[in-house]
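Participant: The following comprises the amino acid sequence and a computationally predicted model.
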Amino acid sequence: MPTGSAEDASAAALLNLEMAMLWDGDDHGRLHHGAHYVALGVADDGLTAAVGAAVPDPLAAELADLAVLPRGGPECAPPTTILRCARLLRGRLGPVEVSGGPSYLVPPGVRAESTARVVRSTDGAGTGALRGANPGTWADGEWHALLDGRFGPWAAAVDGERVVALCCTPVFSDRAAEAGVWTRPSHRGRGHAASVTAHWASAFGSDGRRLFYSTSAANTASQRVAERLGLRRLGWIWKVSRPGEQGSHVERTWGPPAIG
């Protein structure tokens, strides 16, 4: 389990923790989720890099040599380092895609409210009223599994009988968890996304996981949610992936964090 304050941890170390959670990273800088060839976490205080386990060792060593901290240039543009990695991978393995976006730390006690009532996964019997409120973005079986807690903590904003925003836990590890946020198009811009994210974070209680919120470079609406919550921006995570698999991450069965 993590020790010390998440706010005191270096941004690069926290990006490394998030990358390991998202793509099953090990202590040797390899990612065991097959969608991504290389991932790069760029923070003001350092850089963290990991290479896909399926990448042959000689090529992995070449990619590691390219992983140097970029200087200057807009954050929203791919750094030279990741473009060089993509060029090398494209020449050896074929087509690849580059993607990236900012990552934020969700601190304990973050707060935000909106006009909608919020139901959390920790509300017990109160979650039963949502059985028939699937917003249409989940298969029925998955929706019931979410409400039963099989996918981890969640928080939903409810307007009347409709779910208008939801923050859930699409990916997690023993040490970290990632926020996944959806808002009904007709209810965007009203603070619901920030509210459910804050309530989602509170649903974790004191289980010790670091909580992350990340998005893509193009998703300025999600970036505004992070700003509204006052989240600490850690830096940007860039990756070179198999075509069409930029958003892929590991899937795990929910459970309490391991002890020790």
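Facilitator: The structure has been received and is ready for your questions.

Participant: start to end distance for stretch 119-129?
Facilitator: With CA to CA, to the nearest Å as the measure, stretch 119-129 spans 10 Å from end to end.

Participant: got the buried residues for it?
Facilitator: 119, 120, 121, 122, 123, 127 (16 or more other CB atoms under 10 Å). For every residue, glycine as well, the C-beta is placed using N, CA and C.

Participant: Give me the most central residue, the protein.
Facilitator: Geometric centre of the chain, nearest residue: residue 178, 4.1 Å, by CA atoms, centre = their mean.

Participant: That one: what secondary structure?
Facilitator: The three-state assignment at residue 178 reads strand, by DSSP: H, G, I helix; E, B strand; the rest coil.

Participant: ok so, going back, which of the buried residues of stretch 119-129 lies at the shortest distance from residue 223?
Facilitator: Lowest distance from residue 223 to those (CB to CB) belongs to residue 120, with 24.6 Å.

Participant: Now the closest one: phi and psi?
Facilitator: Here is the backbone geometry of residue 120 (degrees, to the nearest 10): phi -110, psi 160.

Participant: how about residue 232, what does it touch?
Facilitator: Contact analysis of residue 232 by CB atoms under 8 Å, 6 or more residues apart in numbering lists 7, 11, 104, 105, 107.

Participant: Most widely separated two among the residues you listed?
Facilitator: The span of the contacts of residue 232, defined through CB to CB, is set by 11 and 107 at 13.5 Å.

Participant: Same drill for the two, tell me which one is more crowded.
Facilitator: Per other CB atoms under 10 Å, whichever of residue 11 and residue 107 has more neighbours is residue 11, with 20 against 16.

Participant: How many neighbouring residues does the closest residue in space to the more buried one that isn't next to it in sequence have?
Facilitator: In this structure, residue 11 finds its nearest non-sequential neighbour in residue 43, 3.6 Å apart by CB to CB, 6 or more residues apart in numbering. Residue 43: 21 surrounding residues under other CB under 10 Å.

Participant: Got phi/psi on residue 43?
Facilitator: When read as degrees, to the nearest 10, the backbone of residue 43 gives phi -120, psi 160.

Participant: wouldn't it be in contact with residue 235 here?
Facilitator: Yes. Counting by CB atoms under 8 Å, residue 235 is a contact partner of residue 43 at 3.5 Å.

Participant: Return every residue with contacts to both of the two.
Facilitator: Taking CB under 8 Å, 6+ apart as the contact criterion, the common neighbours of residue 43 and residue 235 are 11, 12, 15.
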